[in-house]
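[1] the following block contains a protein sequence and its predicted model.
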Amino acid sequence: MSTRLASAVVVSLLACACSSPTTPTLTPLPVTNPPATPAPVKPTLTFTPESSTPVANSYTLSADTTTAGEITLTMNANAFASTRHVAKVRATLLYDPDVLVEDSGYIQGDWMKQNNALAVFTIGTYGAGQLGLWVDRPDSLPGVNGSGAIVSKRFTVARGVRNRTTPVQWTDTHAFNVGGLSGTQSLTDLLVRDYAGMITIQ
């Protein structure tokens, strides 16, 4: 081998030995988010009143079910005669606490606040599934008659409750007229009947 050829071979080998290996290019994998867990669908509710033709001088119950998973029940006065002046409302609403959960707060109706009366509302639970409703007009003002909303209360459906019906009922209902002089007042109950209803949850 000639000297020139040998030198070329050595240079070629040195060039190969000194060159850096080629670093492969990594292609990043696309970022994928896990599928979102859908929010549970809240149940729908319907309310069936106990009677579509309640008698006069009675209490009735109506409901707003426009918001899924909720129901707002309203106690109403129905057609109290002009000779019947209600000054004090008393009632206890019975419901199943395993099905309905009472919400805090309430909405005052206008019926007992007629003539700008500062009616006193006392709303509270006596025990599981027992909601007490007391509304009093000032003793210095006469009672009221006619029809109107007395008080409203919101409930939510208990977790996991579906495909069932549950009643709501009244007990200890009164519509008192106050007679006599101050200090010797007598109470006359003007209520003829009360009506509640049935809630269907789907």
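    Right, received. Where do you want to start? Numbering: from 1, shown residues only.
[2] can you pull the pLDDT of Cys18?
    Looking at Cys18, its pLDDT reads 50.
[3] how about Ala15?
    47.
[4] what bits of the chain have low per-residue confidence?
    Within the chain, the segments meeting pLDDT under 70 span 1-21, 23, 29, 180-185.
[5] which stretches in it count as helices?
    Counting by DSSP state H, the chain has helices at residues 3-18.
[6] what's the longest strand in it?
    Longest strand of the chain, by residue count under DSSP state E: strand 164-179.
[7] name every strand pairing with it and say which way it goes.
    Counting by DSSP bridges, the strands paired with strand 164-179 are strand 88-94 (antiparallel), strand 186-189 (antiparallel), strand 197-201 (antiparallel).
[8] who touches it?
    Contacts to strand 164-179, defined as C-beta atoms under 8 Å, 6 or more residues apart in numbering, come from residues 57, 59, 61, 73, 77, 80, 84-96, 99-100, 139, 143, 185-191, 194-201. In this view, the C-beta of every residue, glycine as well, is placed from N, C-alpha and C.
[9] one more time with 7 Å
    59, 61, 73, 84-96, 99-100, 139, 143, 185-191, 194, 196-201 (C-beta atoms under 7 Å, 6 or more residues apart in numbering).
[10] gap between the two ends of stretch 99-107?
    End-to-end distance for stretch 99-107: 22 Å, by C-alpha to C-alpha, to the nearest Å.
[11] drop anything exposed from the contacts of strand 164-179.
    Using 16 or more other C-beta atoms under 10 Å as the burial test, those include 59, 61, 73, 84-95, 99-100, 143, 190-191, 194, 196-197, 199, 201 as buried.
[12] for Tyr126, which non-adjacent residue is spatially closest?
    Gly132 (5.2 Å; C-beta to C-beta, 6 or more residues apart in numbering).
[13] who's in contact with the one you found?
    By C-beta under 7 Å, 6+ apart, the contact list for Gly132 reads 92, 124, 126.
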